[in-house]
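> I'd like to go over a predicted model; first the sequence, then the structure.
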Amino acid sequence: MATQNSHLTQQILKIALDVPLDREFDYLNNGFKVKIGHRVVVPFAGRQLVGVVLDIADVSDMPINKLKSVIHVFDDVVLDSSTYQLLKFCAGYYHYPIGQTLISTLPLRLRQIKPAVSRKTFDYTLVKNPDSEQVAKRQVVLQRVLQAFSQHHHLTETQLATISSGWRKAIAQLKEWGCVSVREVVAVKPSMPASPESPELNPEQMVAIQAILDTAGTFKPWLLYGVTGSGKTEVYIQLLQTILAKPNAQVLVLVPEINLTPQLEARFRSRLSQYPLVTLHSNLSESERLQHWLAAKYGAAKIVIGTRLSVFTPMPYLSLIVIDEEHDGSYKQQDGMRYHARDVAVMRAKQLHIPIVMGSATPSLETWYNVSQALKKQVYGLLTLTQRAVSNAVLPKIFCVDTAKSPVENGLSPLLIQAIQNRLQRGEQSLLFLNRRGYAPVLHCNACQWTSACSRCSAKLVVHLSQRRLKCHHCGHEQKIPLQCPSCGNADLYPVGQATQRLVQTLEQRFPQARIARVDRDSMRQKSALTELLTQVHMGEIDILVGTQMLAKGHDFPNLTLVGVIDTDAALYSPDFRASERLFSQLMQVSGRAGRGDKAGEVLIQTSFPQHDLFYALRAHDYVAYANTLLAERQSMQFPPTNYFALLKAEANDYALVQNFLNDAIHLAQEMPQSITIYGPVRPQMERLKGLERGHLLLQSKTRQALQNLLKVWIPQLRLLKLSNKLRWALDIDPQEF
């Protein structure tokens, strides 16, 4: 990326725009003072767009008289060289237009034509003392301000506000006399008071921290593999304490979901209170997001905690990247540029020559494979935490409840009911895990076997009884619950299956004295709802939690001693080859919520297949054995991570269009010299989504390079196909879902 600056009127600016064309666009400078990375407003196809200057040149491939001029140049530089190199890599690897790649990573207010307004704050420096004659005795506030300057020399707005509410008038007077200089600073939310001193580390934690610190200033990926409750967060915190003690250091901490951010943020703020911290996630207002992004960009924020998009946040002094729950599927973007934040973070660490720490109790097979390969390549390092951090805490005992021998009634087996009753009598808490929100998965007619199907998707409408609505959790379609069967007129319609709302209703009837709370996307819509509920749990105001995967990871409830898993069997025999890996991870994570304090934990999993290999490994808490078994299976089937996939997805109102486009794509690929295996076209499990018929084409390769070589030639040719503009299509590199 060039770094020159120029002011010539006929300079040509190479500009990235948010349009689906994989190229830069040339515009005339027209006399503006421009730097690379500046935001600009330019005319494009009859409208005005915000773009970013990527380069400044003297020549263009277009005739000068056909070039349009830049309309406006903002005074903010939003792109630095290292961030550009990362985005350029992503655009190439994921085969996505560079302009859309770049613009999509900016806060919304920086993508708009109007000036980006954020809360500004200033600090003040006394450059000379005013004449004593100027400072009248009656100017009490001014005298107090000068006295404060004599002690500190620099004063922030916060400090001045503690002197007097009339400080602004005094500062204005000093500015008029030329006695103070003013500097704009990026405001960062103050941290909480520091908590008591750090807990004592066990030997495994100390070894992990020292190993990572020994690689500071060099690229080294570390897998911090620790059982649930083993103190991985404490390792992060004490690691940051050492890293941030150096001048000009910043740390990026990635978390998979918003609901993990408040708890992690609170721990980091209390223990690292001397270091400014900001968060970046979709629950922020646009003003907050811009302010936090700018604080990171200018180095004012020393710690950034964020979800997947945060991996692109400009941080000039980035010294360490931490990825919490690195196995989580939420790190994979499912639309637009389909990047994986974990993989992008590893590339960013490599480009910056810094260590990256990936923590998990159930690492992804991709990361586990890299660790096992590292014995030969010495790239990934493995750090293991085998014991729980709380001295008396032990891993919970896991049991399978055979539902063939112990039938469930309204979702609950007798053994699980008795276990909940025991906890209520002892004043302990229980968590029931059911990864299905709503009241019931489907509405059914016994007379004609009609079921509530979505008209726009290949899915069933879920019963939401409290709202008297049927809802599709895929496209958002909803309708009233019919009074009689739409097919035969039968008035006896039954909700079939279990979901969180129905389970809560059952528990309320069976345990009327219990305080029960539901945690799913429906009940946690308000911004602060989850934080308030977690506080209630910690205060002992909740007896039974019923929740989806929102509760499965990251949360620490010392008084929770029972986890009940209601229904998981469908995932055991899913057509998706990653389903068993995800299920094992999910069950291990939710099991880890039990027994994290000094009370023993117990996990009861209701299943019709208690002898399944997955449950053997789960009961033994043996992730390593199960992961190695899955790796061997994947290798024999030539599936990732030992092979590499790319998925071409297409959708249209008419499946014939999809099929013809995918067939044309196959013919193009077959004409190219390559060693790629092509499967398809096939219909995905969800054949119709949001009213569109869908089809997939899978490309498989033994090497990443061979796959990329084909895609570099193939994708530009796909864009030239006549059908490419008549349907929606997208490429997914390293797809996570099929």
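Alright, I've got the coordinates.

> now S81: how far from T218?
Per C-beta to C-beta, to the nearest Å, S81 is found 20 Å from T218. In short, each C-beta sits where N, CA and C put it, glycine included.

> equivalent analysis for H72, please.
The gap separating H72 from T218 is 43 Å, by C-beta to C-beta.

> neighbour count for these two, which is higher?
Higher neighbour count among H72 and T218: H72, with 13 against 10, using other C-beta atoms under 10 Å.

> quick check: phi and psi at that one.
phi -150, psi 150 (degrees, to the nearest 10).

> so who does it touch?
When contacts are counted by C-beta atoms under 8 Å, 6 or more residues apart in numbering, H72 touches V40, V41.

> rerun at 10 Å
By C-beta atoms under 10 Å, 6 or more residues apart in numbering, the contact list for H72 reads F32, R39, V40, V41, V42, Q48, V50, I113, P115.

> helix or strand for the second one, which one?
Looking back up the chat, that one is R39. Assigned by DSSP states H and E, R39 belongs to strand 38-44.

> flag every buried residue along that strand.
Buried residues in strand 38-44, counted by 16 or more other C-beta atoms under 10 Å: H38, R39, V40, V41, V42, F44.

> got those residues as JSON lines, with distance to A161 and pLDDT columns?
Below are the buried residues of strand 38-44 laid out as JSON lines (distance: C-beta to C-beta, whole Å; pLDDT from 0 to 100):
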{"residue": "H38", "distance to A161": "34", "pLDDT": "94"}
{"residue": "R39", "distance to A161": "33", "pLDDT": "94"}
{"residue": "V40", "distance to A161": "37", "pLDDT": "95"}
{"residue": "V41", "distance to A161": "37", "pLDDT": "96"}
{"residue": "V42", "distance to A161": "42", "pLDDT": "96"}
{"residue": "F44", "distance to A161": "45", "pLDDT": "95"}
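
> make CSV out of these and add distance to Q291.
Below are those laid out as CSV (distance: C-beta to C-beta, whole Å):
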residue, distance to Q291
H38, 20
R39, 17
V40, 23
V41, 22
V42, 27
F44, 29
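
> relative to Y236, which of those is nearest.
Using C-beta to C-beta, R39 comes nearest to Y236 of these, at 34.3 Å.

> so what's that closest one up against?
15, 50-53, 72-79, 103, 106, 110-113, 115-116.

> among the residues you listed, which lie within helices?
Counting by DSSP state H, the contacts of R39 place I103 in helices.

> what subset of the contacts of R39 is buried?
Buried residues within these, counting neighbours by 16+ other C-beta under 10 Å: 15, 50-53, 73-74, 77-79, 103, 106, 110-111, 116.

> and what about the nearest residue to T642 once chain neighbours are set aside, helix, strand or coil?
Leaving aside its sequence neighbours, T642 sits nearest to Q635 (C-beta to C-beta, 6 or more residues apart in numbering; 4.5 Å). Under DSSP: H, G, I helix; E, B strand; the rest coil, Q635 falls in the helix class.

> which residues does Q635 contact?
Residues near Q635 by C-beta under 10 Å, 6+ apart: Y369, P641, T642, N643.

> hang on, the earlier thing: from the contacts of R39, which ones fall inside strands?
Using DSSP state E, the subset of the contacts of R39 located in strands is I15, V50, G51, V52, V53, H72, V73, F74, D75, D76, V77.

> would you point out the most distant pair within those?
Distances among these were taken as C-beta to C-beta; the most separated pair is I15 and D75, at 16.7 Å.

> low-confidence stretches in this structure?
Within the chain, the segments meeting pLDDT under 70 span 1-9, 117-120, 137-138, 184-196, 374-378, 390-393, 527, 553-554.

> could you chop it up by domain?
As given by automatic domain parsing, the domain ranges for the chain are 12-110, 121-185, 203-385, 397-440+497-632, 644-733.

> mean neighbour count, those: which tops it?
Highest mean neighbour count among the domains of the chain (mean count of other C-beta atoms under 10 Å): domain 203-385, with a mean of 20.

> follow-up on the earlier one: who does the strand holding R39 pair up with?
strand 47-57 (antiparallel), strand 72-77 (antiparallel) (DSSP bridges).

> in CSV, list those strands along with distance to N65.
Shown next, in CSV, are the strands paired with strand 38-44 (distance: least, C-beta to C-beta, whole Å):
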stretch, distance to N65
strand 47-57, 17
strand 72-77, 22
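
> ok, now which ones touch the closest residue to R468 other than its chain neighbours?
Excluding the flanking residues, the one nearest R468 by C-beta to C-beta, 6+ apart is I481, at 5.2 Å. Going by C-beta under 10 Å, 6+ apart, I481 touches 439, 443, 452, 461, 463-465, 467-470, 493, 495.
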